[in-house]
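1. What follows is a predicted structure for the sequence shown.
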Amino acid sequence: MASGGEIDDVCEVFRNFNILNSKDKPPNKMTSKAWGKMVQDCLGKDTTIRQRMDSSVFPYVQDKTTKTLDLTDKAKVDKALDKMAEVYKECKPKEEKDTPVAEVRQKLVKRILDKKNPEVHATKISKTGNVSGLTDTSKYTGAHKERFDEFGKGRGIDGREYRFEDTGYVTGYKGDGTKQ
């Protein structure tokens, strides 16, 4: 059993992950999605650990009716940390072979407390350089050019219909009687 202050700190980290990932739920009710993000950020991107934590630890400690982990219930959070340590030891047999479960739990708690807040990545401008060609309608070619006017506003049905008669000797010939 961990100290009360340590459990409070872990609950605060869990709450931070829950606020980011579960906007429609109260902050004290951790969802499976927030749990998965917390496991990924705190314990690494190892898929076996993530899957085992999602499939065996969270269902073990969640409330069966609301499908959430109540962060105000310190006993449930403590139980979750114990189960996490057991599963982590099973998933990492080489590294944690001779380590007792209590020590593995302390390592996990330290990693969780070191994280404090979830990682949030902002969308950046593309480095390929073709973004301006995709968003500037004056650079469109072919049939796409016909869908927009000179101001970049869509023409609606006129832009989606063929306005030319494509009769002639070659398929795709636009404008019978003209030399295009």
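-> Cool, got the structure.
2. C-alpha only now, for contacts and for neighbours.
-> Will do.
3. and residue 16, what does it touch?
-> Residue 16 makes contact with 116, 117, 118, according to Cα atoms under 8 Å, 6 or more residues apart in numbering.
4. Mind telling me what element the residue positioned nearest the centre of the chain is part of?
-> Nearest to the geometric centre of the chain sits residue 37, at 7.5 Å (Cα atoms, centre = their mean). Assigned by DSSP states H and E, residue 37 falls within helix 32-43.
5. avg pLDDT for that helix?
-> Per-residue pLDDT values over helix 32-43 give a mean of 84.
6. Can you list the helices and strands that whichever helix or strand comes after that helix packs against?
-> Next along the chain after helix 32-43, taking DSSP H and E as the criterion, comes helix 47-52. Here helix 47-52 touches helix 32-43, helix 74-91, going by 3 or more Cα pairs under 8 Å, 6 or more residues apart in numbering; DSSP states H and E.
7. Now helix 47-52: buried residues?
-> 49, 50, 52 (16 or more other Cα atoms under 10 Å).
8. now what about that helix, what contacts it?
-> 36, 39, 40, 43, 87, 88, 91.
9. If any of the contacts of residue 16 are buried, give me the PyMOL selection for them.
-> To isolate the buried ones among the contacts of residue 16 in PyMOL, judged by 16+ other Cα under 10 Å, type:
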select buried, resi 116+117+118
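10. Switch the contacts of residue 16 over to a markdown table; also include pLDDT.
-> Below are the contacts of residue 16 laid out as a markdown table (pLDDT from 0 to 100):
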| residue | pLDDT |
| --- | --- |
| 116 | 75 |
| 117 | 71 |
| 118 | 73 |
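11. Can you tell me which of the contacts of residue 16 is nearest residue 57?
-> residue 118 (19.8 Å; Cα to Cα).
12. quick one, what contacts the spatially closest residue to that closest one that is not a sequence neighbour?
-> Spatial nearest neighbour of residue 118, chain neighbours left out: residue 17 (5.8 Å); criterion: Cα to Cα, 6 or more residues apart in numbering. The contact partners of residue 17, taken as Cα under 8 Å, 6+ apart, are 34, 35, 37, 38, 117, 118.
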